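K.L.:
Model the following, please.
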Amino acid sequence: MSLAEGGPSLPHPASPVPARAAGGPSGDTGEAVLSRRRVVSGAAVLAGAAVLPQGMSRAIAAPRPGSGPDPAPGPGPSARQIGPVDTEQSQLAMVPGGNGIIYSVQADGRLKWFRHLGRETGRMSWAANGSPRDIGVGWQSYTQVLAADDGQLFGLRGDGTLVWSKYTLSNWDTGEGTWHPNTNNVIHQGFGHFAYIFGGRQGVIYAVDADGDIYWFRYLAGDGSTSPGAWADNGVGSRIATGRRDYDLHFADLDGVIYGVRHGGSLDWFRYLAGDGSNGPGAWANGGTAIPIGRGWEWGTTVERFADAGVFYCVWIDRADPARPDHELRWYRLANWRTVHLDGRPVWTSAHGVLVGTGFTTCRTANLQGYTDRWSAAPGETIAVSVSSAFPRYQVTVLRLDGPLAPGVAPDPANSQVVVAPATYAGRMRKLPAGYRSGGCGWPPDFTVTVQPGWRSGFYAVRLTGENGVRRYIPFVVRPAAPTARVAVLLPFLTHSAYNTWGGHSQYSWDEYPHRRTHTMLRPFAACNLEPSGAMDARFYGDLLLLRWLADNNIAYDCYQDLDLHRDGSWAGRYKAVVLTTHPEYWTPAMRNRLEAYLTGGGRVVNTGGNAMYERVDISADGTAVLHRDARGARWLWRDQGLPERNVIGVAYNGSFMDFAPYRVLAPGHPFLTGTGLRAGSEFGRTGYNFGASGWEMDSSNMEGPPLPGVAVLAHGTTPLGAHMVHFDRGNGGWVFSTGSVSFNGVLAHDAVASRILRNVFAAAVA
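P.N.:
Numbering: from 1, shown residues only. Next comes the predicted model:
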């Protein structure tokens, strides 16, 4: 993989790098220190006597946090040791502080200070010969940390409060300094409804909401106060950009420069010139239109990236075979970082990333994370849950979800039901064994969840909550003991696993192994976004958009996940219809054969997604890992094995990516379009959460030849490779409805016509 012409490329390192290169920093850490908090009243504590809620039990007795004297307090609470940090996941984030200063937020909550003296040249030269200085503890309790160039740091809590600190240097060579007396002051309480924040430089904080809109805030006081005038516009954010959901993340530089990583890896440049919250003519360079400056900055290539006055740093994913820790810090420089719009192109002074440090392993969830020992369970069955926590206490709640959760710590009864009330457990940081990416994390179970007879089949999640509202979700499915509805929804956990970047590596990371890729199921999900992420989403959030629509339209369903079909397909024949959701890409041979047999027997398949049944996977002999690709390491497409997916579902992926458009009607008289008022040439599905209804990755009926007999194309996307919405009559009463689009489910709440079409499809499917 390489970046755009003129930008930095990301080559395979020529040779292994020592654990600590001379003169460069190391991210290696010592003992962990953890902040103390009062346990929620009435909750069960695993380390002491407690009564657990129905459905939960202790798997093992977790020890209490270790005793001993507290370390010297810094910003954040005092702390105690409860376990060493894992060198595979030593830090949560790296935060630029200007003038080469980099703050490392350690997984255990320590804040480390580095200064790169070679910032301007890319030399491996660091203050204190690369030895970091510990300057604080308790920072794992923030969901994000931002910094300004004068020592100000902004910590965002999970409850939406913003906490101010300031570290004033007395020695720029050693990192010695003092904390401002107002450190730990809450300076804002209104960020809870935003998906994430970025920035911090010059006191400017950008906040991204669920729709991808960007809001501008600026903290003017700079001293931890909240008196009138402390914030521009009294702390009321100003919307300066809209609809940036096609960007997986943003990060900021000085002087209004913003970098966005668009889904797919493009690094784009923006500059907000107004700098005052206004958004009129001239507020943005280049009229606000993105200028591409590079490629390869997505999660499949790097685990961290940030910028400091045109200097870019990123931590590469290791490409060795087998992969080593992802820890190398690479340096790039964009010479014209302020004036890309005037020059018409980016000017990079280094063609490749320069190695400037090692040991910077990074995992955003290392302060609180967990996984289940299985992806689904029926009533009476038990799921074991393993957790690694940098908090001495964490809270566990089990939810059933009917749709995406509203952002924030408050309960969301409109979209979820609590089936196991909150219980509090003692936390411990877990270490990863060798070979964990394929063999599993190997953490002992901390508690179990037993599915109760009264739990309705559906999508469930274990919610872990740490200090100050830090939240993580662990998804699972409750399948029925026997069918309770006429419709079965099959959630594509194998596809979600393929895109899971936890541990750095996935089916899509830039490894070049000449053999199969094996990825364990016994690991956390890196991006289990059950609350809005501010970005387009074809993972669990995209599936929840469909489940919300089903609930709103009173369509009862039972729920399964891929492995339920892989292991036993007998249940499918007991349903009138099987529903495929947003992105059902990966299928085992057993899954494919069983779905085809179901259709041959007269079953109906409602395929609401795109890129469906595209690639083959196998399951390991012990059932705990997914095997991707063929023996040579090449993609394992069904069509390359003489089994094109369109033979089953009527459409096949056509190579499209990141184009979005409405559908245009071709067959207005088809029964599925009844009551829509559509005519030939009418368009619908223009916009939604994942943009146009025909979009992202799309399937068409004429891939590898004309449409198959029995395929009727009802509508097609208006782009050249637009999705084909089809009805595929397979005989014997069996048929398939396919939208051909990953983005379709995102329009259901926004487009009455698309919603009516899908209601018609379900009415026909259960008839």
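
K.L.:
Output the longest strand belonging to the protein.
P.N.:
Here the longest strand in the chain is taken by residue count, with DSSP state E as the criterion, and it is strand 416-426.

K.L.:
which one is the most centrally placed residue in the chain nearest to, not counting chain neighbours?
P.N.:
Most central residue of the chain, judged by C-alpha distance to the mean C-alpha position with Cα atoms, centre = their mean, is Ala527 at 2.6 Å. Excluding its sequence neighbours, the residue lying closest to Ala527 (Cβ to Cβ, 6 or more residues apart in numbering) is Arg539, at 6.1 Å. Yep, even glycine has a C-beta here, placed from its N, CA and C like the rest.

K.L.:
quick one, phi/psi of that neighbour?
P.N.:
Backbone torsions of Arg539, given as degrees, to the nearest 10, read phi -100, psi -140.

K.L.:
and what of Gln144?
P.N.:
Listed backbone geometry of Gln144 is phi -150, psi 150, with angles given as degrees, to the nearest 10.

K.L.:
which residues pair with it across the strands?
P.N.:
As for beta bridges, Gln144 partners with Leu156 under DSSP bridges.

K.L.:
Contact partners for it?
P.N.:
Contacts here follow Cβ atoms under 8 Å, 6 or more residues apart in numbering; on that basis Gln144 touches 93, 155-156, 196-198.

K.L.:
Trp172 too?
P.N.:
115, 127.

K.L.:
And the longest strand of the chain, what does it pack against?
P.N.:
strand 393-401, strand 447-450 (3 or more Cβ pairs under 8 Å, 6 or more residues apart in numbering; DSSP states H and E).

K.L.:
tell me the mean pLDDT over the host helix or strand of Arg305?
P.N.:
Under the criterion of DSSP states H and E, Arg305 resides in strand 302-308. If you average the pLDDT over strand 302-308, you get 97.

K.L.:
What residues sit buried inside that strand?
P.N.:
By neighbour count with 16 or more other Cβ atoms under 10 Å, strand 302-308 contains the buried residues 302-308.

K.L.:
ditto for stretch 755-767
P.N.:
By neighbour count on 16+ other Cβ under 10 Å, the buried set for stretch 755-767 is 755-762, 764-765.

K.L.:
Contacts for it next, please.
P.N.:
With Cβ under 8 Å, 6+ apart as the criterion, stretch 755-767 contacts 486-487, 549, 553, 555, 576-577, 604, 606, 608, 671-676, 684, 737, 748-749.

K.L.:
Out of those residues, which sit inside helices?
P.N.:
Taking DSSP state H as the definition of helices, the contacts of stretch 755-767 contribute Trp549.

K.L.:
Just the buried residues from the contacts of stretch 755-767, in ChimeraX please.
P.N.:
What follows is the ChimeraX syntax selecting those of those that are buried according to 16+ other Cβ under 10 Å:
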select :486,487,549,555,576,577,604,606,608,672,673,674,676,684,737,748,749
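
K.L.:
Report the buried members of the contacts of Gln144.
P.N.:
So, of the contacts of Gln144, 93, 155-156, 196-198 end up buried under the neighbour-count rule (16+ other Cβ under 10 Å).

K.L.:
In terms of helix, strand or coil, where does the nearest residue to Tyr508 once chain neighbours are set aside fall?
P.N.:
Beyond its immediate neighbours in the sequence, the residue positioned closest to Tyr508 (Cβ to Cβ, 6+ apart) is Gly300, lying 4.7 Å away. Secondary structure, DSSP: H, G, I helix; E, B strand; the rest coil: Gly300 is coil.

K.L.:
What is the neighbour count of Gly300?
P.N.:
Burial of Gly300, expressed as a neighbour count using other Cβ atoms under 10 Å, amounts to 20.

K.L.:
do Leu153 as well
P.N.:
Using other Cβ under 10 Å: Leu153 sits among 26 other residues.

K.L.:
what's the spacing between the one helix or strand it maps to and its chain's center?
P.N.:
Mapping Leu153 onto the secondary structure by DSSP H and E places it in strand 152-156. For strand 152-156, the distance from its own C-alpha centre to the chain's C-alpha centre is 23 Å (Cα atoms, centre = their mean, to the nearest Å).

K.L.:
With stretch 256-270 instead?
P.N.:
Remark: stretch 256-270 is offset 17 Å from the chain centroid, using Cα atoms, centre = their mean.

K.L.:
and what of stretch 391-411?
P.N.:
With Cα atoms, centre = their mean as the basis, the mean position of stretch 391-411 lies at 16 Å from the chain mean.
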